[in-house]
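Trainee: The sequence and its predicted three-dimensional model are supplied below.
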Amino acid sequence: MNRKIYTLFENLSTRNQLFIGCLITLFGWLMAYLLDIRYVGTFKVAPLQSGTPFYVPLVDNLLIVLWTSVSLFLMGLFINKRTRLIDMLNVVLISRAPFYLVCLFNINGFMFKQSDLMLKQLTAEGPALETFSIWPILLMSAVQLLLAVITFWLLFAGFHTASNGRGAKLIILFVVGIVIGMIGLGFFLPWFYSHVTLL
Amino acid sequence: MKPKLPVICPSCQHALSVSQLSCEVCKTQVSGNFPLPEMLSLSAEEQHFVLQFLVNSGSLKEMAKQMGKSYPTVRNKLDDLITKVKPLLDAYE
C-alpha cells in the first residue's frame, strides 16, 4: 500500500500530476458546493445551510491548497534547495482527494443538522448530552479522522518524493510545515475574508 | 547472461584492482596492478543512468519522460548518485 502511494508521485509526470490534481480539486469543489460544505482549514470542514454561492468553496479550497503548498515548499527548501513549488502544489492537490469525501456526510444536510442539534443541546441542557444524539457526531468524527490520516499519509509520501529528505529531519520539517500551514490558515482565512467580500 | 564484474573483494570488502589483462585475438597477457575506473564502482543501473544523462544533454525533464518517472524522482536519483560519486572523485583528485 505504502509503495503504491509512492508510485503515484514517483511515476506520474509533472503535467499528469497537475491535471489529475486539478480534476480532484474540481471534484472537491463540486462536492462542497452541492452538499453545502465549506473548507475552513487543512483538515477542517464546516457544514452550512443551503445557499452558499458556487465560487465560495472553490476560493476556500484554492487558498488552502496554495497556503499548504507554499508552507511545505519552504520546509522542502530546508532539506533540498532544488525542491520545486510545482511539485509541492501537485502533492497537495492530489493528497486532498480522500478528505473531500467528508462532504458526503452532509447529504440532505445531515452533518449540519447533527451539529446544530448538539449545539442546541449543549446550550439548552448544559454539557450532559443524550447518548443517541452523540453517536452520529462520534462516527462522523472518526471517519473524518481516518480520511485526514490518509490525506496526511499521501502528503508525507509526496513531500518525501518532492524533497528527497531522509530520517528525522524529513519527518520534523514535514510536521512543522503542516502545523505552520494549519496555524497560518487559522489567521490567513479570517484576514482574507475580512478584506475580500465573497458572500 | 552478461557476467557481472566484481569490484568489491568478497573476502575483506575492499576495492578490487586489475592484475591481469589479455588480448582475445593473440592471447597476449599483461600483468600489473591497475585501479578500476571510478565508473565501475557504480552499479549497472547507475552506469546506465549516467549514460542516459549524457545522451539527454543533462535534461532531467527529458530523462523523466523517457523513463516514465516524475521529475523529482529522477532528480533525487541524480542527487543520490552525486553523493555516491563525490568521495570517489575526491579520492581520484
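Mentor: Perfect, thanks for sending it.
Trainee: Now the helix-or-strand element of chain B with minimal mean pLDDT: buried residues?
Mentor: Sorting the helices and strands of chain B by mean pLDDT, DSSP states H and E puts helix B:71-92 at the bottom, at a mean of 86. Across helix B:71-92, burial judged by 16 or more other CB atoms under 10 Å in any protein chain shown covers B:71, B:72, B:73, B:74, B:75, B:76, B:77, B:78, B:85. Every residue, glycine included, has its C-beta placed from N, CA and C.
Trainee: wait, which of these is closest to residue A:40?
Mentor: Nearest to residue A:40 out of these is residue B:72 (CB to CB; 30.5 Å).
Trainee: Please look at the closest one and residue A:165 and confirm they touch.
Mentor: No - using CB atoms under 8 Å, residue B:72 makes no contact with residue A:165, being 11.4 Å away.
Trainee: ends of stretch B:62-76, how far apart?
Mentor: 15 Å (CA to CA, to the nearest Å).
Trainee: Contacts only, for the residue of chain B found nearest chain A.
Mentor: Residue nearest to chain A within chain B: residue B:76 (4.0 Å; CB to the nearest CB). Contact analysis of residue B:76 by CB atoms under 8 Å, 6 or more residues apart in numbering or on different chains lists A:161, A:164.
Trainee: and if you look at residue A:73?
Mentor: Residue A:73 is in contact with A:83, A:84, A:85, A:88, A:89, counting by CB under 8 Å, 6+ apart.
Trainee: What ranges does chain A have for its strands?
Mentor: A:37-41, A:44-47 (DSSP state E).
Trainee: How confident is the prediction for residue B:18, by pLDDT?
Mentor: Residue B:18 carries a pLDDT score of 90 in this model.
Trainee: My guess is it contacts residue B:40. True?
Mentor: No - counting by CB under 8 Å, residue B:18 sits too far from residue B:40 to count as a contact (9.8 Å).
Trainee: Residues of chain B that sit close to chain A?
Mentor: Residues of chain B lying close to chain A by CB under 8 Å from any CB of the partner chain are B:64, B:65, B:68, B:69, B:70, B:71, B:72, B:73, B:75, B:76, B:79, B:80.
Trainee: ok, the first one touching residue B:78?
Mentor: No - under the criterion of CB under 8 Å, residue B:64 makes no contact with residue B:78, lying 10.7 Å away.
Trainee: how far is the least confident helix or strand of chain B from where the chain is centred?
Mentor: 12 Å (CA atoms, centre = their mean, to the nearest Å).
Trainee: related to what we said a few turns ago, among the strands of chain A, which is nearest residue B:49?
Mentor: strand A:37-41 (41.3 Å).
Trainee: How about the closest one, which residues are buried there?
Mentor: Applying 16+ other CB under 10 Å to strand A:37-41 flags A:37, A:38, A:39, A:41 as buried.
Trainee: now stretch A:147-165
Mentor: Under 16+ other CB under 10 Å, the buried positions of stretch A:147-165 are A:147-148, A:150-152, A:154-165.
Trainee: Would you format the buried residues of helix B:71-92 as TSV with distance to residue A:190 included?
Mentor: Shown next, in TSV, are the buried residues of helix B:71-92 (distance: CB to CB, whole Å):
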residue	distance to residue A:190
B:71	36
B:72	34
B:73	38
B:74	41
B:75	38
B:76	38
B:77	43
B:78	43
B:85	51
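Trainee: what's the closest of these to residue A:7?
Mentor: Of the buried residues of helix B:71-92, the one sitting nearest to residue A:7 (CB to CB) turns out to be residue B:73, at 9.9 Å.
Trainee: what's the angle between the lowest-mean-pLDDT helix or strand in chain A and strand A:37-41?
Mentor: Within chain A, confidence by mean pLDDT, DSSP H and E is lowest for helix A:110-125 among all helices and strands, at a mean of 74. Orientation note: helix A:110-125 sits at an angle of 70 degrees relative to strand A:37-41 (axes from the mean of the first three to the mean of the last three CA atoms, to 10 degrees).
Trainee: Which neighbouring elements make contact with helix A:110-125?
Mentor: Applying 3 or more CB pairs under 8 Å, 6 or more residues apart in numbering or on different chains; DSSP states H and E, we find helix A:110-125 packed against strand A:44-47, helix A:131-163.
Trainee: pLDDT below threshold where in chain B?
Mentor: Within chain B, the stretches with pLDDT under 70 are B:91-93.
Trainee: That one: strands as residue ranges?
Mentor: B:17-22, B:29-35.
Trainee: Any idea which of those gets closest to residue A:96?
Mentor: Across the strands of chain B, closest to residue A:96 is strand B:29-35 (CB to CB), at 53.1 Å.
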